[in-house]
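In: can't give you the sequence, but here's the structure:
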């Protein structure tokens, strides 16, 4: 499991710290991008096994980032989790339409994120 690399694309520093600690405690390698454009550049320049992204971010929102990666043959097989405060059903549907493999609310227990990461990475 230690060789699995995860990209977190998130603009809230406190949230980044919490997610990074949670994933690193499980042995995952974690890289951070602070906005959608930086996330796109990192995703295209490094190989990641999974990407966790916020929806509401500066420069490019998570929906556009997910769509740009999922509709590119080079990245379409990389699992992507949207982790967001947007709880409306239409937001979840938009996430699915963009190709997200999971849509998790930030307000939910962190174990839900961890379980989904393990499921999508096959362990």
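Out: Cool, the structure landed. This is a predicted model, so every value here is computed, not measured.
In: what sits against residue 76?
Out: If you count contacts by CB atoms under 8 Å, 6 or more residues apart in numbering, residue 76 has them with 69-70, 99. Every residue, glycine included, has its C-beta placed from N, CA and C.
In: so the residue nearest to the spatial centre of the chain, which state does it fall into?
Out: Nearest to the geometric centre of the chain sits residue 52, at 1.1 Å (CA atoms, centre = their mean). Here residue 52 is strand, with the state taken from DSSP: H, G, I helix; E, B strand; the rest coil.
In: can you pull the pLDDT of it?
Out: Model confidence at residue 52, expressed as pLDDT, equals 97.
In: re the thing from before, reformat the contacts of residue 76 as TSV; add secondary structure and distance to residue 11.
Out: Shown next, in TSV, are the contacts of residue 76 (DSSP: H, G, I helix; E, B strand; the rest coil; distance: CB to CB, whole Å):
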residue	secondary structure	distance to residue 11
69	helix	18
70	helix	21
99	coil	21
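In: ok, so of those residues, who is nearest residue 15?
Out: Residue 15 lies nearest to residue 69 out of these, by CB to CB, at 20.8 Å.
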